[in-house]
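Enquirer: build me a structure from this.
(chains A, B, C and D)
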There are 4 protein chains.
Amino acid sequence: MNTFGNIFRLTSFGESHGKAIGGVIDGFPAGISIDLDFVQQELARRRPGQSAITTARKEADAVEFLSGIYEGVSTGCPIGFVIWNTNQHSNDYDNMKDVFRPSHADYTYTQKYGIRDHRGGGRSSARETISRVVGGALAKLALRQLGIRITAFTSQVGPYKLDKDYTAYDLSRIEENPVRCPDPEMARQMSDYILKIKGEGDTIGGVISCVVQGCPVGLGEPAFGKLHAALGNAMLSINAVKGFEYGQGFNNMEMKGSEQNDVFFNDHGHIGFRTNRSGGIQGGISNGQDIYFRVAFKPVATLLTEQPTVDIHGNETMLKARGRHDPCVLPRAVPIVEAMTAMTLLDYYLLDKTTHL
Amino acid sequence: MNTFGNIFRLTSFGESHGKAIGGVIDGFPAGISIDLDFVQQELARRRPGQSAITTARKEADAVEFLSGIYEGVSTGCPIGFVIWNTNQHSNDYDNMKDVFRPSHADYTYTQKYGIRDHRGGGRSSARETISRVVGGALAKLALRQLGIRITAFTSQVGPYKLDKDYTAYDLSRIEENPVRCPDPEMARQMSDYILKIKGEGDTIGGVISCVVQGCPVGLGEPAFGKLHAALGNAMLSINAVKGFEYGQGFNNMEMKGSEQNDVFFNDHGHIGFRTNRSGGIQGGISNGQDIYFRVAFKPVATLLTEQPTVDIHGNETMLKARGRHDPCVLPRAVPIVEAMTAMTLLDYYLLDKTTHL
Amino acid sequence: MNTFGNIFRLTSFGESHGKAIGGVIDGFPAGISIDLDFVQQELARRRPGQSAITTARKEADAVEFLSGIYEGVSTGCPIGFVIWNTNQHSNDYDNMKDVFRPSHADYTYTQKYGIRDHRGGGRSSARETISRVVGGALAKLALRQLGIRITAFTSQVGPYKLDKDYTAYDLSRIEENPVRCPDPEMARQMSDYILKIKGEGDTIGGVISCVVQGCPVGLGEPAFGKLHAALGNAMLSINAVKGFEYGQGFNNMEMKGSEQNDVFFNDHGHIGFRTNRSGGIQGGISNGQDIYFRVAFKPVATLLTEQPTVDIHGNETMLKARGRHDPCVLPRAVPIVEAMTAMTLLDYYLLDKTTHL
Amino acid sequence: MNTFGNIFRLTSFGESHGKAIGGVIDGFPAGISIDLDFVQQELARRRPGQSAITTARKEADAVEFLSGIYEGVSTGCPIGFVIWNTNQHSNDYDNMKDVFRPSHADYTYTQKYGIRDHRGGGRSSARETISRVVGGALAKLALRQLGIRITAFTSQVGPYKLDKDYTAYDLSRIEENPVRCPDPEMARQMSDYILKIKGEGDTIGGVISCVVQGCPVGLGEPAFGKLHAALGNAMLSINAVKGFEYGQGFNNMEMKGSEQNDVFFNDHGHIGFRTNRSGGIQGGISNGQDIYFRVAFKPVATLLTEQPTVDIHGNETMLKARGRHDPCVLPRAVPIVEAMTAMTLLDYYLLDKTTHL
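Expert: Down below sits the predicted model:
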């Protein structure tokens, strides 16, 4: 289950402190120019150590493509790639070899597999998402040719949240601040709050919102292949994600059908929608309007303060993480949300091509 | 994309007003006694016309098994089944043949396929979920042997919501009222509210909660096969669902990592958890605690009041549904949520068997 | 594993003496006119009782479509269908309930599943191939629009075999004789031989050849999706098939590379091939030439003479089949070979559409 | 379609003259000791330059594992690996950049993808099979614990063929000669013949036979998952393979059902088979007897003599391969046949575990 997608498929491998992280991208369309700088730039957005509010770990995260690209263009053959692990401090994890970190995957992996690479979280580390960002960057290059644009941003950190709809913000300003929030003032407050939490050795969660613009009508398959179900599955596969909602989601439950329906009208000869409460997807299929959704992240489980726990024998003990960790993953998770969205949309775009002979 | 699951797989077919709804269940374990009464009973929980707060349509929804069961026991061969459509009033839909109902799948299906069976919503009708309830009923029969119990209930209808954790309610009382809410007083208020909305020709949404008890440790696959991602995908594939969250979900964002982590302790020689904020899944794998999650449903899009819309040529017109429709789908969606949960868990139980030689 | 295909997918169900045989066709392109007479005609070619050299069983084998077709045209939604079992003589199998028929699936099914429907061979009966013929008929209707034609024929029965290449025969004459052999004189000899074998209560095998004309260049996926591997897999999934070869196959091993290579030349401005020893597929991808392959069938295992065997307890006993059985399956297997070929080609045609954006 | 398998899955990548060949093995059971020497030894059996009858190319083909193995034991997480391309003479292929080699994949790849890496055959090169040998070696390590042994050998080269059943030979002697034929005298004749063909700048094909011993009863899924269909698909995915047959295959067509059936008897209290003409598989499921099958290989298409051909513009030209090529692939293909067999059997073993709860 380390493969994502139907036609466009990313198979990822690698542990946090193993030799390398990497993957194989299969089903990528032939003839797409691969802008390597763009791919590396996307990785830089995910990389640790990019600002004061993220972990101080320094990881180059340089991707090395091994196949499937010839003279700068995709050949339709599988694209293998690796990112070498070069700055691992495995000793930071010596005290966790036989101890279960609370709310991590340590206990469940041990129970399921009977063996685990404990160093840096092993396979369950968020370092695995590097492969997703590579896959997503390639997908974005293809989607760009179709005019599909994906923009994610931090909309909530702890109690600090944007209180307006995404249309009220200038989404082009997201990369101007380290929190990746389109409201500069809110970004500042979130940033201050993250630094305060960091000072306490604690962590905090939040919400990332994502908007897809320029998506054509028709992406999505009925029944078990609904586009929003695929997006939800993609988001929930990201570490620390606890919830997904699109359109109205869990909110505005007091609104009735008559208030929520998106009414059609004749828009200068074309069929138009008066509103977009559906979130751009109806009956599981994109309707040509903006797709938007929200993703809930829990606080990072790794704390720099002491927590009670047990070891593999059940003995109670205290645990305090060593090393360099994020007080809040959201700023670095923004490109991951975009990457998973891009891969999902490209996959469904290719699937939709098979609807007719 | 009309197939659900990896090892246990349900392939469903059928339109609302076609000849029949049905499906094929493949990968069902051999040797399970099939209690046909139980299956039919599950269908009765989903059936329209079961109470004053649901649609008045009368559908027998009697399942006919065609294969895969021999002398009352599953043979390991595919289980084909049909449910005949017997009480269709296709004329109720004559006025919708060329008109797009707002917030329905009419527009997107027409755009994607170039052709659609408009009668009763065709393939996009929630009548398709009958096949899921059949699949879910069989899955429940298998899970029962493993001691896994699944209970869903209505936790919110419009502004009326349960304000306590599921552990505060007696889940055995859910079937005592037509709303399927474990709090009898709240159930009465919800029921009154639904009748009021019905009287207005309007509709209302809400939230269904679901609890899984007795789930063994180890179900779930890392990376792209996380158990909660599979559950989220399953829930989001149900008609009208707009959101999924498990454990803390979108709530309690002000809680820090130190407040959210589920701390281990030595529970009389066994490893215990002090809390269950993770919702029974850690690192994508079940940890043996209760799994719980919430599913958001939007109000039904079909209204018995007039709405402005357009026809397939873009001409503006008014539309008012005829016939018999639900003012609130939640009571009838409770068994569907349980069915999708059951199929997901059985699938992942079987997958987990391949972890070791 | 009762699903065949990647994009175009047939999921089949049903036992020989259960209520019905049937299936679901998913991923069939929208907008294809469904000629029901053609489908039924294909079933008639497979049906028992069509001539003196096949079994005398009378089965109507009338297909009933349940969904996915609206006003005679495919909608892109799953096509469910059933064929009712109406003329089963289950009592003919009473003596086989606890006895293993030699070279049948009785022993292996019992060992694997611990339970089996013994009547008429249950799931392992060739009656299951009815669903394949339905799927193949629909695939043929789609392929017809692309100019792809598929023709299978009996090329060997026991020691009687065609000794020339398929290009030496008039393939339009295949349906003129009950053996489905394009050489009328050889057909007569084969027919006489089958009747002789039948008179002995014995059975005989042979070879079916298949030719695909009009296949476009580019179908097939490299590595594990080679077109001939997909065809081989499809053929080997048919009951009683023991071998598959395409192009030169197992023959002419004394021919060297310099003698086998298909040399290119300039054919009036287009690239032409001097020969077609490759069988129309190179590197796993169709090259635009005729695709041809051969399929080996063993003799039917069911004999009308006594054979020694054992029962489920290991006790030795004698067994003699009752009822109506084929002395040679090849004539009736010709449409099955065509059906599997058609489904494979349509699937790969749709897959190939995803090669480019 | 660069992924092989259902539960055990190998995804391969890489071109002959790209940076590296490699893959990801997913679904490998946890807790298996990985004998790296054994893996490398299997690669040595496939490696070019191992004897006078194979190509003189020197390739180290050293595998580097990147993940999924911790302290020498499989963790159940995906196993990523690479084999660096170090001795490529890409200039040998300069004359083929715009020329289509006869009976190679050059023409079909160019037509399908519009772009191809021509160097060394690119993705369609048999160098891709390195990844399969790695996957197969790991699968063998798992199967060894189950007592399943796989042995392939060269049974025919051009006109030279073994005339007896595999049981007549000592299969332990296969690795004693470079042809990998169990009959030393025949091996010598085959070897002499290959050298003669090599001297002519020509190539020759043949047949590889394979035997599986110790396979438990019950592997294989009915209908579209028959064990022999999976094996056939696996074999036909190997470069240059033109045919597959198991048990009696295409031979002995004059034998009747009464002569081919494998009769049961009471073998000292257990159910025994008098013969094994079925080839160890009945109804698509292994029956506990030896599985045996044969695989036809065509002569290598690359010749060291001049051949007429065309360039991409259709201009006629002459082509003569430069560099180092195999006159006969069979000796080096023996470990590839074993590898594909091992991966198929492990996959089906794991699938069979899901037959019961």
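Enquirer: contacts and neighbour counts: CA atoms only from here.
Expert: Will do.
Enquirer: OK, contacts around A:Asp347?
Expert: Contacts for A:Asp347 were tallied using CA atoms under 8 Å, 6 or more residues apart in numbering or on different chains; they are A:5-9.
Enquirer: apply 10 Å and report the result again.
Expert: Contacts for A:Asp347 (CA atoms under 10 Å, 6 or more residues apart in numbering or on different chains) come out as A:4-9, A:27-28, A:139, A:219-220, A:230, A:341, C:354.
Enquirer: what's the helix or strand containing A:Asp37 packed up against?
Expert: Applying DSSP states H and E as the criterion places A:Asp37 in helix A:36-46. Under the contact definition 3 or more CA pairs under 10 Å, 6 or more residues apart in numbering or on different chains; DSSP states H and E, helix A:36-46 sits against strand A:63-65, helix A:129-145, helix A:330-352.
Enquirer: who touches the following helix or strand past the first one?
Expert: Beyond strand A:63-65 in the direction of the C-terminus, DSSP H and E gives the next helix or strand as strand A:69-70. Contact partners of strand A:69-70, identified using CA under 10 Å, 6+ apart, comprise A:30-34, A:75-80, D:14-15, D:18, D:115-118, D:122.
Enquirer: try it again with 8 Å
Expert: A:34, A:75, A:77, A:79, D:116-117.
Enquirer: repeat for stretch A:255-268
Expert: So stretch A:255-268 is contacted by A:271-278, B:102-103, B:158, B:202-205, B:298-303, B:307-310, B:314-316 (CA under 8 Å, 6+ apart).
Enquirer: ok so, going back, now the helices and strands packed on helix A:36-46 as a markdown table including mean pLDDT?
Expert: As requested, these are arranged in a markdown table below (pLDDT from 0 to 100):
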| stretch | mean pLDDT |
| --- | --- |
| strand A:63-65 | 97 |
| helix A:129-145 | 98 |
| helix A:330-352 | 98 |
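Enquirer: tell me which of these sits most buried.
Expert: helix A:330-352 (a mean of 26; mean count of other CA atoms under 10 Å in any protein chain shown).
Enquirer: now the angle between helix C:330-352 and that one, please.
Expert: Helix A:330-352 runs at 140 degrees relative to helix C:330-352, counting by axes from the mean of the first three to the mean of the last three CA atoms, to 10 degrees.
Enquirer: still on that earlier bit, can you tell me which of the contacts of A:Asp347 are in strands?
Expert: Mapping those onto strands (DSSP state E) picks out A:4, A:9.
Enquirer: quick one, strands of the stretch 51-200 of chain A?
Expert: For the stretch 51-200 of chain A, the strands defined by DSSP state E, counting those that start in this stretch cover A:63-65, A:69-70, A:73-74, A:79-84, A:149-157, A:160-161.
Enquirer: D:Glu175: which of those strands is closest?
Expert: For D:Glu175, the closest of the strands of the stretch 51-200 of chain A is strand A:79-84, at 33.7 Å, according to CA to CA.
Enquirer: helices along chain A, start to end?
Expert: Assigned by DSSP state H, the helices in chain A fall at A:36-46, A:106-113, A:129-145, A:184-199, A:227-236, A:257-260, A:330-352.
Enquirer: surely A:Lys320 meets A:Asp202?
Expert: No. Under the criterion of CA atoms under 8 Å, A:Lys320 makes no contact with A:Asp202, lying 11.3 Å away.
Enquirer: which of those two has more neighbours?
Expert: For the pair A:Lys320 and A:Asp202, the greater number of neighbours falls to A:Asp202 (24 against 16), based on other CA atoms under 10 Å in any protein chain shown.
Enquirer: hmm, stretch A:201-215 touching chain B?
Expert: Yes. On the criterion CA under 8 Å from any CA of the partner chain, stretch A:201-215 is in touch with chain B at A:202-207.
Enquirer: please list the residues of the stretch 201-350 of chain A that sit near chain C.
Expert: A:Leu350.
Enquirer: sorry, back to before: give me the contacts around the helix holding A:Asp37.
Expert: Contacts of helix A:36-46 with the rest of the structure, by CA under 8 Å, 6+ apart, involve A:50, A:61-63, A:130, A:133-134, A:137-138, A:332-336.
Enquirer: could those residues go into CSV alongside distance to B:Asn261?
Expert: CSV is the format used below for the contacts of helix A:36-46 (distance: CA to CA, whole Å):
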residue, distance to B:Asn261
A:Gln50, 27
A:Asp61, 30
A:Ala62, 33
A:Val63, 34
A:Ile130, 25
A:Val133, 28
A:Val134, 31
A:Ala137, 33
A:Leu138, 36
A:Arg332, 21
A:Ala333, 20
A:Val334, 23
A:Pro335, 26
A:Ile336, 24
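Enquirer: on that earlier part again, make a markdown table out of the helices and strands packed on helix A:36-46 and add distance to D:Glu254.
Expert: Formatted as a markdown table, the helices and strands packed on helix A:36-46 follow (distance: least, CA to CA, whole Å):
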| stretch | distance to D:Glu254 |
| --- | --- |
| strand A:63-65 | 56 |
| helix A:129-145 | 56 |
| helix A:330-352 | 48 |
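Enquirer: how about the residues of the stretch 51-200 of chain A near chain B?
Expert: Proximity of the stretch 51-200 of chain A to chain B, by CA under 8 Å from any CA, involves residues A:102-105, A:107-109, A:111-113, A:123-124, A:157-159.
Enquirer: just the buried residues out of those residues, in PyMOL syntax.
Expert: Entered in PyMOL, the line below selects the buried ones among these, by 16 or more other CA atoms under 10 Å in any protein chain shown:
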select buried, chain A and resi 102+103+104+105+107+108+109+111+112+113+123+124+157+158
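Enquirer: thinking again about what came up before, present the strands of the stretch 51-200 of chain A as a markdown table; the columns should include distance to B:Lys198.
Expert: Listed next are these as a markdown table, based on distance: least, CA to CA, whole Å:
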| stretch | distance to B:Lys198 |
| --- | --- |
| strand A:63-65 | 58 |
| strand A:69-70 | 60 |
| strand A:73-74 | 56 |
| strand A:79-84 | 56 |
| strand A:149-157 | 36 |
| strand A:160-161 | 36 |
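Enquirer: turn the helices of chain A into a markdown table, columns for distance to D:Gln145.
Expert: Formatted as a markdown table, the helices of chain A follow (distance: least, CA to CA, whole Å):
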| stretch | distance to D:Gln145 |
| --- | --- |
| helix A:36-46 | 42 |
| helix A:106-113 | 18 |
| helix A:129-145 | 33 |
| helix A:184-199 | 50 |
| helix A:227-236 | 37 |
| helix A:257-260 | 60 |
| helix A:330-352 | 39 |
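Enquirer: tell me which of those lies nearest to A:Asp165.
Expert: helix A:184-199 (14.3 Å).
Enquirer: returning to what we had before: now do the helix holding A:Asp37: distance to the chain's middle.
Expert: Computed by CA atoms, centre = their mean, to the nearest Å, the chain-centroid distance of helix A:36-46 equals 14 Å.
Enquirer: now do the buried residues in it.
Expert: Under the neighbour-count criterion of 16+ other CA under 10 Å, helix A:36-46 has A:39-40, A:42-46 buried.
Enquirer: and the residues you listed, which two are furthest apart?
Expert: Farthest pair in the buried residues of helix A:36-46 (CA to CA) is A:Val39 and A:Arg46. Separation: 11.2 Å.
Enquirer: quick one: contacts for A:Val73?
Expert: Contact analysis of A:Val73 by CA under 8 Å, 6+ apart lists A:30-34.
Enquirer: out of these, who's near chain D?
Expert: Answer for the contacts of A:Val73 near chain D (CA under 8 Å from any CA): A:30-31.
Enquirer: tell me which of the contacts of A:Val73 is nearest to chain C?
Expert: A:Ala30 (5.5 Å; CA to the nearest CA).
Enquirer: does that closest one touch A:Pro78 like I think?
Expert: No. Applying CA under 8 Å, one finds A:Ala30 not in contact with A:Pro78, separated by 10.2 Å.
Enquirer: which one of those two is surrounded by more residues?
Expert: More crowded of A:Ala30 and A:Pro78, by other CA under 10 Å: A:Pro78, with 30 against 23.
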